[in-house]
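**Q** give me a 3D structure for the following:
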Amino acid sequence: MNVHFIAIGGSAMHNLAIALSRKGAKVTGSDDEIFEPSKSRLDRQGILPSTIGWDAEKITSDLDAVILGMHARKDNPELAKATDLGIPIFSYPEYLYEQSKDKFRVVIGGSHGKTTITSMLLHAINEIGINVDYMVGAQLEGYDYMVKLSEDAKIMILEGDEYLSSPIDRRPKFHLYKPNVAIISGIAWDHINVFPTFDNYVEQFDLFCKEIVSGGKLVYNTEDEEVKKLGEKWDGAVEAIPYQTPEYTVEENGTTIHLNEKDYSLQIFGQHNLQNLVGAMKLAAEIGIENDAFLNAMSSFTGAGKRLQKVAEKSDFVMYKDFAHSPSKLKATTKAVKEQYSDRKVIACMELHTFSSLKKEFLPHYENAMDAADHALVYFSPEVVKHKKLEPITKEQVLAGFGGGVEVVTTTDEVRSFLNQFEWNNSALLMMSSGNFDGIDYDELGEKISSEI
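**A** Numbers count the residues shown, from 1 in each chain. Below is the predicted model of the structure:
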């Protein structure tokens, strides 16, 4: 195969490019910007573009396929040339399906929790030694890349994102995978730039269920009201398998869950994580992993990348970073840290960074989202709002959206000043963002606080 990537530098795109190159395909690509770690990874594989920018001359009739990334625009010159030459053009999810259409496909969907569930499932698979192909949205311990494609694996594990497939394909990614087994972990309105109403957003998960193949299965979270409705609706058309949070006990270094009359010690904590764990266990059972084997394998699982990831720890101080940005995840993550460190002061900081979170109409969805913290800060950058071409928002609007109880700031210096006011003995710090508060190095921050205690 001879495959060209338009926008090869993206997080998902560069991992797919590497996976195809490893599989034996001839891979080329272009992009108008390539950052780390994509740049070094592509270079190590020998497929880093020699120049930055778009070049229609790279599109030739001997290409078998062009894969189009979301970063590219509709008027991209390479896309125009490929269209003129009649070369098959695929979105990222379309091509993943092409590579897995003869495999048993397990697709993980949900507004939140899907990366964690995928990571948990792949961790158990790796521990037990099952050969699978996969695509996951985070870098995992024990896996060098986020995508693997091969000829011999019979199973494909796919994280099913509900965002759009490409600039010319407006279908949600997870509508394209046609699962043999699917899971929905939760539904909380997101991507309001694409799905303008909650009903429209929920409809995407209904359509996802419709794509489950004949004789397939739907694993669903009964503790989420919208998911429960879908599970009950589709029960009969597919085999519906419910799950919920197990009984558990908070321990000093994690959690003990009580399941099937046995106790299992885990390093992870938080109700949402344990809920995800049982969802992953249900999926594992569908590919032949017994519950006991799965739970024993999970004793060494420390979490998915950037999902409640420990940054620093001393005897009476701990710091975590988390990708949380949606209201439901923000609430679940803050609650989890307070439950785990109930005898400590919890300081939680979050950055409004995504398109949805910076829309003034969406801010009321954050009401009480950080109430579990003893002290809470919300940061947003007016420059990011401007860059995303959104209507300006004010500190007062953000404060009202959260229902009070938080400090709202708009500069990184103010974030640092907020943190500098605290004595850090007997405390836990939680930094939540899909960005980095415009320049805060979490490792440096954790090291600085630890050294001062």
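
**Q** which parts of the stretch 301-450 of the chain are strands?
**A** Ranges of strands within the stretch 301-450 of the chain are 309-314, 317-322, 345-351, 375-379, 407-409, 427-432, based on DSSP state E, counting those that start in this stretch.

**Q** quick one: terminal-to-terminal distance for stretch 140-151?
**A** With C-alpha to C-alpha, to the nearest Å as the measure, stretch 140-151 spans 22 Å from end to end.

**Q** can you tell me what sits against that stretch?
**A** Contacting residues not belonging to stretch 140-151 are listed as 11-12, 15-16, 18-20, 22-23, 41, 96, 99-100, 119, 122-123, 126, 131-139, 302, 304-305 [C-beta atoms under 8 Å, 6 or more residues apart in numbering]. No exception for glycine: its C-beta is placed from N, CA and C like everyone else's.

**Q** give me that answer again for 7 Å
**A** With contact meaning C-beta atoms under 7 Å, 6 or more residues apart in numbering, stretch 140-151 is reached by 15-16, 18-20, 23, 99, 119, 122-123, 126, 133-136, 139, 304-305.

**Q** check stretch 344-362 too.
**A** So stretch 344-362 is contacted by 190-193, 324-325, 330, 334, 337-338, 370, 373-380, 384-385, 388, 390-391, 393, 397-398, 415, 422, 426-435, 437 (C-beta under 7 Å, 6+ apart).

**Q** among those residues, which are in helices?
**A** When DSSP state H defines the helices, the subset of the contacts of stretch 344-362 inside them is 330, 334, 337-338, 384-385, 397-398, 415.

**Q** list just the nearest of those residues to Glu159.
**A** Closest approach between the ones in helices among the contacts of stretch 344-362 and Glu159, by C-beta to C-beta: Leu330, at 20.6 Å.

**Q** how far away is the closest one from Thr83?
**A** Relative to Thr83, Leu330 is positioned 42 Å away (C-beta to C-beta, to the nearest Å).

**Q** quick one, which of those two is more surrounded?
**A** Neighbours per residue (other C-beta atoms under 10 Å) separate Leu330 from Thr83, with Leu330 holding more: 26 against 14.

**Q** tell me how many other residues crowd the residue nearest to the more buried one when sequence neighbours are not counted.
**A** Once flanking residues are discounted, Leu330 sits nearest to Ala369: 4.4 Å by C-beta to C-beta, 6 or more residues apart in numbering. Under the neighbour criterion other C-beta under 10 Å, Ala369 is assigned a count of 29.

**Q** same question for Ser40.
**A** Neighbourhood size, Ser40 [other C-beta under 10 Å]: 12.

**Q** mind listing what's buried along the helix or strand where it lies?
**A** Per DSSP states H and E, Ser40 falls inside helix 38-45. Within helix 38-45, the residues scored as buried using 16 or more other C-beta atoms under 10 Å are 38-39, 41-42, 45.

**Q** which other helices and strands contact it?
**A** Judged by 3 or more C-beta pairs under 7 Å, 6 or more residues apart in numbering; DSSP states H and E, helix 38-45 is in contact with helix 11-23.

**Q** now the helix it packs on against helix 38-45, angle please.
**A** Calculated by axes from the mean of the first three to the mean of the last three C-alpha atoms, to 10 degrees, helix 11-23 forms an angle of 0 degrees with helix 38-45.

**Q** how about the residue lying farthest from the centre of the chain, nearest residue that isn't a chain neighbour?
**A** Within the chain, Ser61 marks the point farthest from the mean C-alpha position, 36.3 Å out by C-alpha atoms, centre = their mean. What sits nearest to Ser61 in space, not counting adjacent residues and going by C-beta to C-beta, 6+ apart, is Leu85, at 5.5 Å.

**Q** rewinding a little: contact partners of the helix holding Ser40?
**A** The contact list for helix 38-45 (C-beta under 7 Å, 6+ apart) reads 8-9, 11, 14, 17-18, 21, 48.

**Q** tell me the strands beside whichever helix or strand comes after it, with direction?
**A** Counting by DSSP H and E, the next helix or strand C-terminal to helix 38-45 is strand 65-68. The pairing partners recorded for strand 65-68 under DSSP bridges are strand 2-6 (parallel), strand 89-91 (parallel).

**Q** and Leu230, how far from Val318?
**A** Taking C-beta to C-beta as the measure, Leu230 falls 37 Å from Val318.

**Q** now Gln204
**A** Distance, Gln204 to Val318, using C-beta to C-beta: 37 Å.

**Q** higher neighbour count, the two?
**A** Neighbour count, other C-beta under 10 Å: between Gln204 and Val318, Val318 has more, with 22 against 19.

**Q** what are the bridge partners for the more buried one, then?
**A** Assigned bridge partners for Val318, using DSSP bridges, are Glu313, Ala428.

**Q** which residues touch it?
**A** Counted by C-beta under 7 Å, 6+ apart, Val318 has contacts 310, 341, 428.

**Q** can you rerun that using 10 Å?
**A** Val318 sits next to 310-312, 337, 340-341, 344, 346, 424, 427-430, 446, 450 when contact means C-beta atoms under 10 Å, 6 or more residues apart in numbering.

**Q** what do you get for Val311?
**A** Val311 touches 318-321, 429-431, 442-447, 449-450, counting by C-beta under 10 Å, 6+ apart.

**Q** for the spatially closest residue to Pro88 that is not a sequence neighbour, grab the count of nearby residues.
**A** Nearest residue to Pro88 in three dimensions, chain neighbours excluded: Ala65, at 5.0 Å (C-beta to C-beta, 6+ apart). Neighbour count of Ala65, defined by other C-beta under 10 Å: 19.

**Q** would you mind measuring from the residue positioned nearest the centre of the chain to Glu313?
**A** Most central in the chain under C-alpha atoms, centre = their mean is Thr115, positioned 4.4 Å from the mean C-alpha point. Remark: distance between Thr115 and Glu313 (C-beta to C-beta) = 23 Å.

**Q** re the thing from before, surely the residue nearest to Ser61 touches Leu63?
**A** Yes - with contact defined as C-beta atoms under 10 Å, Leu85 reaches Leu63; the gap is 7.9 Å.

**Q** these two touch, right, Ile47 and Val27?
**A** Yes - contact criterion C-beta under 10 Å: Ile47 and Val27 qualify, at 4.8 Å.

**Q** mutual contacts of these two, please.
**A** Counting by C-beta under 10 Å, 6+ apart, the residues touching both Ile47 and Val27 are 5, 8, 17-18, 20-21.

**Q** just the buried ones from those?
**A** 5, 8, 17-18, 20-21.

**Q** what is the neighbour count of Ser214?
**A** By other C-beta under 10 Å, 7 other residues sit near Ser214.

**Q** so how far is the helix holding Ser40 from its chain's centroid?
**A** 22 Å (C-alpha atoms, centre = their mean, to the nearest Å).
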